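Show me how the following folds:
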Amino acid sequence: MPKTINTLHQTWRSAQLYICFHRDQKGERRNAPKVWPPKNANAIIHNDPHEQETFVVVKSAQGEPAQDLRIKLRPDKVVLRGDYPDA
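You can find the predicted model right below:
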């Protein structure tokens, strides 16, 4: 009888939802966007990504930032990126 080898290993360690605000509470454009992790892990996907973005950062199980993944949630598409600079 052949032996079954289990090659399952952990790829991802954690996922964190973030909201990126491009305008302040007065409606003025920020020099750099404010990145905020909502406590209830719930976010509205804004219709204009230049105003506000919603994304999830998935951390690599190996602990190497170069292997992390960012998932941008837009009203018309989902963008997967592994080459983003740390924000």
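
shaky segments in the chain?
In the predicted model of the chain, residues 1-8, 84-87 satisfy pLDDT under 70.

in what helix or strand does the spatially most central residue of the chain lie?
For the chain, the residue nearest the mean C-alpha position is Val56 (2.2 Å; CA atoms, centre = their mean). Secondary structure from DSSP states H and E places Val56 in strand 52-60.

Any chance you could list what contacts the helix or strand following that strand?
The element immediately downstream of strand 52-60 (helix or strand, assigned by DSSP H and E) is strand 69-73. Around strand 69-73, the neighbours that count as contacts under CB atoms under 8 Å, 6 or more residues apart in numbering are 12, 43, 45, 49, 53-58, 60, 78-82, 84. Yep, even glycine has a C-beta here, placed from its N, CA and C like the rest.

Can you list the buried residues in strand 69-73?
By 16 or more other CB atoms under 10 Å, the buried positions in strand 69-73 come out as Leu69, Arg70, Lys72, Leu73.

what lines up beside that strand in the sheet?
The strands beside strand 69-73 in its sheet (DSSP bridges) come out as strand 52-60 (antiparallel), strand 78-81 (antiparallel).

who's in contact with the longest strand anywhere in the chain?
When the chain is parsed with DSSP state E, its longest strand is strand 12-23. The contact list for strand 12-23 (CB under 8 Å, 6+ apart) reads 29-30, 33-38, 41-43, 50-61, 63, 69, 87.

what number of residues lie near Asn47?
Close neighbours of Asn47, defined as other CB atoms under 10 Å, add up to 10.
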